[in-house]
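*Asks:* please work out how this folds:
(one chain, ligands or ions: 1)
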Amino acid sequence: MPQTLSELVSRRFGEQIELDREQPFSDTHLLQLQHRSCRRFLQTPVPEKTLRFLFACSLSAPSKSDLQQVSIIHLESKASRDFIHSVLPSMPWIKTAPVFLLFCGDSHRIQTVCEMHNTTFAHDPLDAFFNTATDTAMVLQNFIIAAEAAGLGCCPISAVREFTEQVAKFCQMPDGVYPLAGLCLGYPEGTRDISVRLPMSASLHKNKYNEKNLKARIKDYDKRREEINPYESQRQIDSYGTSESYGWSSDKARQTSHTERLSFKNYIRKHGFRI
Ligand SMILES: Cc1cc2nc3c(=O)[nH]c(=O)nc-3n(C[C@H](O)[C@H](O)[C@H](O)COP(=O)(O)O)c2cc1C
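*Replies:* Numbering: from 1, shown residues only. Okay, the predicted model is just below:
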């Protein structure tokens, strides 16, 4: 297992970077480079005090125009946990995680503020939706960093959006509130390897978007990914058959070749965002 910052970077991206020795690096950087989602949990409970502290860290994230459009719903009761497991039985980590949270975009609170001051909420619906979604994603990521720093493991669950109507109804979400993602939380059972990423050169641009050699870079990444994190199974074998070589790009091309979560768009349009 690589330990130093530069070893972690090279493991993640397959690229060497030179570290500036004058720059102070901290455990936060080490933690970020070692991030991995966790899907196997010990049954050790997460103390309530720890959870409250993580909420404080997470809700300290930046917020667009300070609108603070995020709500977190802790599915705590047995009935809530049984419900969320029943809608997503294909992800057993939702059942076994000691804690399950829903990170929600929340435009309802600001609309209440408008009511309090006799104004009408008139932001463009698409922009309003993005403001809630980006704030919520930042709070979610802040939570993950805080949790990993406390020795906990997390797995975000966007699959809750496949059942937005049911989840929103169960949690009695008012119009303007929607689940962006769930989050499984608990103490990890064992460690798994980090998931390697595209080379940074594929994602970083200077001044102008540069897609030179993009396909070649993706092919190189496929090879590295297959060596380090091979896929355990292939998607949509009925449509595409079984491939001898199955890298990241094969998996993602198959994954994105069918429309997902149309019901989410319909829910959003009916409940608070006339996009
Ligand atoms: C917004 C978001 C939604 C995700 N949804 C799911 C999910 O529904 N189920 C799941 O098992 N993992 C989910 N993940 C975890 C990703 O699969 C994981 O982050 C990705 O494979 C990279 O692995 P790593 O986090 O270990 O680096 C989600 C991650 C993000 C950021």
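*Asks:* quick one, helices of the stretch 151-275 of the chain?
*Replies:* Here the stretch 151-275 of the chain has its helices, by DSSP state H, counting those that start in this stretch, at 164-170, 200-203, 214-228, 237-240, 248-255, 262-270.
*Asks:* among those, which is nearest the ligand?
*Replies:* helix 248-255 (10.1 Å; C-beta to the nearest ligand atom). Using the backbone N, CA and C atoms, a C-beta is placed for each residue, glycine as well.
*Asks:* packing partners for that closest one?
*Replies:* helix 214-228 (3 or more C-beta pairs under 8 Å, 6 or more residues apart in numbering; DSSP states H and E).
*Asks:* give the other helices and strands that the helix it packs on contacts.
*Replies:* Taking 3+ C-beta pairs under 8 Å, 6+ apart as the contact cut, helix 214-228 packs with helix 200-203, helix 248-255.
*Asks:* worst mean pLDDT among those helices?
*Replies:* Comparing mean pLDDT across the helices and strands packed on helix 214-228, the weakest is helix 200-203, with a mean of 93.
*Asks:* okay, buried residues for that one please.
*Replies:* Within helix 200-203, the residues that count as buried by 16 or more other C-beta atoms under 10 Å are Ala202.
*Asks:* so what touches that helix?
*Replies:* Contact partners of helix 200-203, identified using C-beta atoms under 8 Å, 6 or more residues apart in numbering, comprise 13, 15, 214, 217-218, 221.
*Asks:* are any of those residues buried, and which?
*Replies:* The neighbour-count test (16+ other C-beta under 10 Å) applied to those identifies 13, 217-218, 221 as buried.
*Asks:* and the furthest pair within those?
*Replies:* Within those, two members stand farthest from each other by C-beta to C-beta: Phe13 and Ile218, at 13.7 Å.
*Asks:* overlap of the contact sets of those two?
*Replies:* With C-beta under 8 Å, 6+ apart as the test, Phe13 and Ile218 both reach Leu198.
*Asks:* skipping adjacent residues, who's closest to Thr191 in space?
*Replies:* Setting aside the residues directly before and after it, Thr191 is nearest to Arg36 in space (C-beta to C-beta, 6 or more residues apart in numbering), at 7.6 Å.
*Asks:* count of neighbours near that neighbour?
*Replies:* 15 (other C-beta atoms under 10 Å).
*Asks:* so who does it touch?
*Replies:* Arg36 touches 153, 191-195, counting by C-beta under 8 Å, 6+ apart.
*Asks:* between the helix or strand Asn131 falls within and helix 262-270, how big is the angle?
*Replies:* In the assignment (DSSP states H and E), Asn131 maps to helix 125-149. Angle of helix 125-149 versus helix 262-270, following axes from the mean of the first three to the mean of the last three C-alpha atoms, to 10 degrees, is 120 degrees.
*Asks:* buried ones in helix 125-149?
*Replies:* For helix 125-149, by 16+ other C-beta under 10 Å, it's 128-129, 131-148.
*Asks:* and what of stretch 193-209?
*Replies:* Those would be 194, 196-199, 202, for stretch 193-209 by 16+ other C-beta under 10 Å.
*Asks:* of the residues you listed, closest to the ligand?
*Replies:* The nearest member of the buried residues of stretch 193-209 to the ligand, counting by C-beta to the nearest ligand atom, is Ile194 at 6.3 Å.
*Asks:* export the contacts of helix 200-203 to CSV and tack on distance to the ligand?
*Replies:* Formatted as CSV, the contacts of helix 200-203 follow (distance: C-beta to the nearest ligand atom, whole Å):
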residue, distance to the ligand
Phe13, 12
Glu15, 17
Leu214, 20
Arg217, 19
Ile218, 17
Tyr221, 14
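*Asks:* so which residues on this protein come close to the ligand?
*Replies:* Residues of the chain lying close to the ligand (C-beta under 6 Å from any ligand atom) are 35-37, 91, 155-159, 181, 195.
*Asks:* give me that answer again for 8 Å
*Replies:* 35-37, 39, 88, 91, 93, 137, 140, 155-160, 180-182, 192, 194-195, 197 (C-beta under 8 Å from any ligand atom).
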